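Visitor: Show me how the following folds:
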Amino acid sequence: MGYKGLEARMKPTIRGVGYLGSNLDLKPTQNGKLCKIYTQWYNMITRCYSEAFHQRQPTYIDCYVSDDFKDYSKWREWYDNYQYKQDDWHLDKDLLVKGNKVYSENTCIFIPREINQVLTKRAASRGEHLIGVCWNKKDKAFIARVSKNKGKREHLGFFKTEIEAYNAYKQAKESFIKEQANKWKSQIDDRAYNALMNYTVEITD
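Guide: Next up, the predicted model:
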C-alpha cells in the first residue's frame, strides 16, 4: 500500500491548495526526512499562499500556482522530466516571462544560484532612486553600482543626473547578464539562455 490512501492524498492539506496526488507510491519523505523535491514544492506553495510569508516578502502577493502544480504527483513528474537542473539550482518563474505571477509547467525553469542572485532586484532595500542608483551627499552626485559575482558591487562612477547613472547601470547589468548566459550556456535550458541574452533592464524595475 502506498503513502496514505488515495482519498486522503487528494485533499488540499498544504496551505489549503496543495495535495499529494494520485501516485500512491510517491512519498514526501525519504529515510525519515522530507525529501528535497517535496520541500521545493512545499516552498513554492508557501510563497504563493502564506500570509505570514507575504508579510516578509510582499513581492509574492498575487502569485499563484497552476492547477497541475498544486498536485505534488504532477509536480514530481514535471521535475523528473526536466533535465536542466542541479541539486543547488533555484526554481524560477519569471525569467521566461518577465513579471510573471504564476508557477506552472510552461513558465518554470531551474537556473544556477549565481544567475538567480544576479536577477534578484531587492527593491525593498534600495531606497527612493532608480535601480542601481544612489545619491552621494558628500560629493553631491549620483552613484551607479552593479552587483556581480556573489553579490559584490562594482562602482560605475559619479554622475550629474539620476538618469545618466541609471543608464550606466543598465548597460553594465545587461552586459553582465549576457556574460552569465554564455558562462552557463552548455548547462541551462535553451529558453533560459535566450531569455538572458535578450534580458532588458527597465527603468521601472
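
Visitor: so where's this structure uncertain?
Guide: 1-3, 122-127, 150-151 (pLDDT under 70).

Visitor: residue ranges of the strands in it, please?
Guide: 29-30, 33-34, 64-65, 90-92, 102-103, 109-111, 133-136, 141-147, 153-159 (DSSP state E).

Visitor: closest one to E174 among those?
Guide: Each of those has some distance to E174 by C-beta to C-beta; the shortest is strand 141-147, at 9.8 Å. (Each C-beta comes from the backbone N, C-alpha and C, glycine too.)

Visitor: Reformat the strands of the chain as CSV; add mean neighbour count and distance to Q40.
Guide: Output for the strands of the chain, formatted as CSV (neighbours: other C-beta atoms under 10 Å; distance: least, C-beta to C-beta, whole Å):
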stretch, mean neighbour count, distance to Q40
strand 29-30, 10, 13
strand 33-34, 11, 10
strand 64-65, 20, 12
strand 90-92, 18, 6
strand 102-103, 20, 11
strand 109-111, 21, 9
strand 133-136, 16, 35
strand 141-147, 20, 25
strand 153-159, 14, 29
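
Visitor: Out of those strands, which gets nearest to T204?
Guide: Closest among the strands of the chain, using C-beta to C-beta: strand 133-136, at 13.4 Å.

Visitor: Not counting its neighbours along the chain, what's nearest the residue sitting nearest the centre point of the chain?
Guide: Central residue of the chain (C-alpha atoms, centre = their mean): D92, 3.7 Å from the mean position. Counting by C-beta to C-beta, 6 or more residues apart in numbering, I111 is the residue found nearest to D92 once chain neighbours are left out, at 5.0 Å.

Visitor: For the one you found, give me its contacts.
Guide: Going by C-beta atoms under 8 Å, 6 or more residues apart in numbering, I111 touches 89-90, 92, 95, 188, 192.

Visitor: please redo it, this time with the cut-off set to 6 Å
Guide: 90, 92, 192 (C-beta atoms under 6 Å, 6 or more residues apart in numbering).

Visitor: Please apply the same query to K138.
Guide: No residues are in contact with K138 under the rule C-beta under 6 Å, 6+ apart.

Visitor: any idea how far P58 is from it?
Guide: Distance of K138 to P58, given as C-beta to C-beta, to the nearest Å: 33 Å.

Visitor: Test my guess that A144 contacts E164.
Guide: No: between A144 and E164 there is no contact under C-beta atoms under 6 Å: 8.2 Å.

Visitor: related to what we said a few turns ago, now tabulate the strands of the chain in a markdown table and tack on distance to M44.
Guide: Compiled in a markdown table, the strands of the chain are given as follows (distance: least, C-beta to C-beta, whole Å):
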| stretch | distance to M44 |
| --- | --- |
| strand 29-30 | 18 |
| strand 33-34 | 14 |
| strand 64-65 | 6 |
| strand 90-92 | 6 |
| strand 102-103 | 5 |
| strand 109-111 | 12 |
| strand 133-136 | 33 |
| strand 141-147 | 25 |
| strand 153-159 | 30 |
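
Visitor: Lovely, talk soon.
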